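In: Need coordinates for the below:
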Amino acid sequence: MERATVSEISEMTGLHENTIRRYADRGIIESKRDFRGWRFFPEPMKTVKKIKALLDGEIQAEKQV
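Out: Coordinates of the predicted model:
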C-alpha cells in the first residue's frame, strides 16, 4: 500500500477518524494533502506502527510548540 486515507488508518488502528486527524494536525504522525485538499498518509505501515507504539507506551508523542 503506497498511501492511505484517514478512514483506512482508522480501520488499521481501531482509533476514531477524528483521533487520527488530531494526531496529524499536531504533527505526531505525518500526513500530506492531495490536489483536492484531502489528507492522506504516504507511508501507512510506518504510521500504523508509530500509532501502535504510542498506544503501547513504547514511545511518547513530541510536544508541538
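In: center of this structure, which residue is that?
Out: To find the centre residue of the chain, average its C-alpha atoms and take the closest one (C-alpha atoms, centre = their mean): that gives Ile29, at 4.6 Å.
In: Give the burial count for Arg33, as a bare number.
Out: Arg33 has 9 neighbouring residues, counting by other C-beta atoms under 10 Å. Any C-beta I mention is one placed from the backbone N, CA and C, and that applies to glycine too.
In: phi, psi of it?
Out: phi -120, psi 140 (degrees, to the nearest 10).
In: Does it touch Arg39 like I think?
Out: Yes: under the contact definition of C-beta atoms under 8 Å, Arg33 touches Arg39, with a separation of 5.9 Å.
In: Now the top helix by length along the chain: average pLDDT?
Out: Taking DSSP state H as the criterion, the chain has its longest helix at helix 44-55. What helix 44-55 shows for mean pLDDT is 95.
In: Kind regards, and thank you for your time.
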